[in-house]
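>>> Give me a model of this one.
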Amino acid sequence: MGIWRQMAEYLYIKKRDPDAPHKQWIIYMHGMNRISLLMFLVAVIIIIIKLLFNRFR
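Below you'll find the model as predicted:
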């Protein structure tokens, strides 16, 4: 499975693979990965905004 497909599944952009195992611990792991990915994207957006505002000062 490609990294872009996995990220799309984490962010609910793409449907999950129906043949994937449905174990409880895998669901927890995917939830934690989803949270960390969203936090990373928010941090990148904040850094980009700060860089843009500091450039125009």
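
>>> where does the spatially most central residue of the chain land in three-state SS?
Among the residues of the chain, the smallest C-alpha distance to the mean C-alpha position (C-alpha atoms, centre = their mean) belongs to Leu37, namely 3.2 Å. Using DSSP: H, G, I helix; E, B strand; the rest coil, the three-state assignment for Leu37 comes out as helix.

>>> Which pLDDT value goes with it?
Note on Leu37: pLDDT of 87.

>>> distance of it from Gly31?
Leu37 is 11 Å from Gly31, where distance means C-beta to C-beta, to the nearest Å. C-betas here are computed from N, CA, C, even on glycine.

>>> quick one: the lowest-mean-pLDDT helix or strand in the chain to chain centroid distance?
When each helix and strand of the chain is scored by mean pLDDT, DSSP states H and E, helix 3-10 comes last, with a mean of 74. Here the centre of mass of C-alpha atoms in helix 3-10, compared against the chain's by C-alpha atoms, centre = their mean, to the nearest Å, lies 8 Å away.

>>> Over to stretch 29-40?
Relative to the mean C-alpha coordinate of its chain, stretch 29-40 is positioned 6 Å out (C-alpha atoms, centre = their mean).
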